[in-house]
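> Fold the following and give me the result.
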Amino acid sequence: MDNTNQKKALINSEISLFLRGLIIGKVLTLMVIGGLLWWLLKPNLLSRNSVDSSSNQNFKTVSNTTSSFQTVADVPTASFNYGGSTAWASIRQLVDSQIQSDRPELQLRYIDPVNASPGSSSGIRMLLDGKLDFAQSSRPLTDEEQAIAKARGFTLEQRQVGIDGIAVVVNPSLNVPGLTVDQLQQIYLGKITNWNQVGGPNLPITPLSQRPEDADTVIFPSNSDLKGQALGSNVQYVYSTTEAVRQLSKIPGGVYYGSARSVVPQCSVKALPLGQTAGQLIPPYREPMVSPEQCPRQRNQLNTEAIKNGSYPIIANLFVIIKQNKDREQQIGDAYTKLLLTDQGQRAIEQAGFVSVD
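Numbering: from 1, shown residues only. This is a model prediction of the structure:
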């Protein structure tokens, strides 16, 4: 090999060694830089992992302590008939629809009474007659209803799932400061017949009411001496709260009592403050009151705080009425009650405008 070729071979060898060294140097440099970055970022990665772990733990804790429609066991797979209180209308619309969406194996069918107005009393009567699998009520069971059940070989159980108030509504033009519970009762017994007897104008009182045998709510407690007394001859009977509200807008001296959740938001009537004494009148709505002119852009909201703390004088507890017969009726009544008493069910009841029991 001549000198020229020897020089070329030497140069090629040196270039090869140089390139190899350059590549190795770059690789080592990248490894050093990568290690340095990992060392610097390590605390943040550890912190993030810690936070993620903590978040997952918190989620598991919430999941384990919050009951939902999905967590209720022994929900029967079938179609069931139910009915009763008209005050429960928003629960049937908002809550029951959620239940059936989450638990599609359970189908609920609302049944209206025949030849009677819908309400707590008619619903319990239909349950006693075997026409419903369970009933919804805005009042407690009576001794008479329990006696009928016993005579037919079973008992009835009432399970509370929510709280409502009983509100008194009048024509918006009526100027009266409010009523005591005793004044309200005397109006419906026919003892107080003019609004000037309770601080209002000289105007005859026209009380509206559902018939006692179909009543949805009651203003005479079962332990009251007035319980069972006949209503005044001037009482005009209506089929439902909807009819009563419609009538009140036409009768300047009219008055009606019903579920606060149902009547307080209505635009065509005015709710009155109630109290045990004239000096302790509590409104069933949140103050300030929304005037009819502002409605329906704004609506009066239920005074849930006063109802929950007991300062509002007439409370209506919401009950599921269950037939205790160790059969399918008892199974669905128990399951429906458990669904409503879950955390999810109680939140839904509040969304429907009532007060939860927790």
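> What residues does I321 make contact with?
By Cβ atoms under 8 Å, 6 or more residues apart in numbering, the contact list for I321 reads 84, 123-124, 127, 134-137, 141, 156-158, 333. From N, CA and C alone the C-beta is placed, and that goes for glycine too.
> Now do the phi/psi pair for it.
Torsion angles at I321 (phi, psi; degrees, to the nearest 10) stand at phi -100, psi 120.
> Which residue, neighbours along the chain excluded, lies closest to it?
A135 (4.2 Å; Cβ to Cβ, 6 or more residues apart in numbering).
> Which of the helices or strands spans the one you found?
strand 134-137 (DSSP states H and E).
> A316 reaches I163, doesn't it?
Yes - under the criterion of Cβ atoms under 8 Å, A316 makes contact with I163 at 7.5 Å.
> Looking at the contacts of I321, which is nearest L184?
S137 (21.2 Å; Cβ to Cβ).
> The closest residue to that closest one other than its chain neighbours - how many residues pack around it?
If the residues on either side of it in the chain are set aside, S137 comes closest to S120, at 4.1 Å by Cβ to Cβ, 6+ apart. Neighbourhood size, S120 [other Cβ atoms under 10 Å]: 29.
> My guess is S120 contacts S85. True?
Yes - with contact defined as Cβ under 8 Å, S120 counts as touching S85 (4.5 Å).
> what sits against Q107?
Q107 is in contact with 78-80, 100, counting by Cβ under 8 Å, 6+ apart.
> contacting residues around stretch 271-280?
Residues from elsewhere that reach stretch 271-280 (Cβ under 8 Å, 6+ apart): 167-170, 176-181, 184, 260, 263-264, 281-285, 289, 300, 312-314.
> Low-confidence stretches in this structure?
1-65, 222-228 (pLDDT under 70).
> What are the boundaries of the strands in it?
For the chain, the strands defined by DSSP state E occupy 78-84, 106-110, 134-137, 155-170, 179-180, 206-209, 236-237, 254-259, 270-272, 274-275, 315-324.
> Can you list the residue ranges for helices in the stretch 51-200 of the chain?
Under the criterion DSSP state H, counting those that start in this stretch, the stretch 51-200 of the chain contains helices at 89-90, 96-102, 120-128, 143-151, 181-188.
> Out of these, indicate the one that is most buried.
A comparison of the helices of the stretch 51-200 of the chain by mean neighbour count, using mean count of other Cβ atoms under 10 Å, puts helix 120-128 on top with a mean of 25.
> quick one, it and helix 143-151 angle?
Put simply, helix 120-128 runs at 10 degrees to helix 143-151, going by axes from the mean of the first three to the mean of the last three Cα atoms, to 10 degrees.
> Surely Q146 and T155 touch.
Yes - with contact defined as Cβ under 8 Å, Q146 reaches T155; the gap is 7.0 Å.
> Just want to know which of A316 and I163 has more residues nearby.
A316 (28 against 19).
> Name all residues that make contact with R246.
Applying Cβ under 8 Å, 6+ apart, the residues contacting R246 are S268.
> when you give positions from now on, start the count at 39
Fine by me, first position is 39 from now on; the one you just mentioned is R284.
> any idea how far it is from I137?
31 Å (Cβ to Cβ, to the nearest Å).
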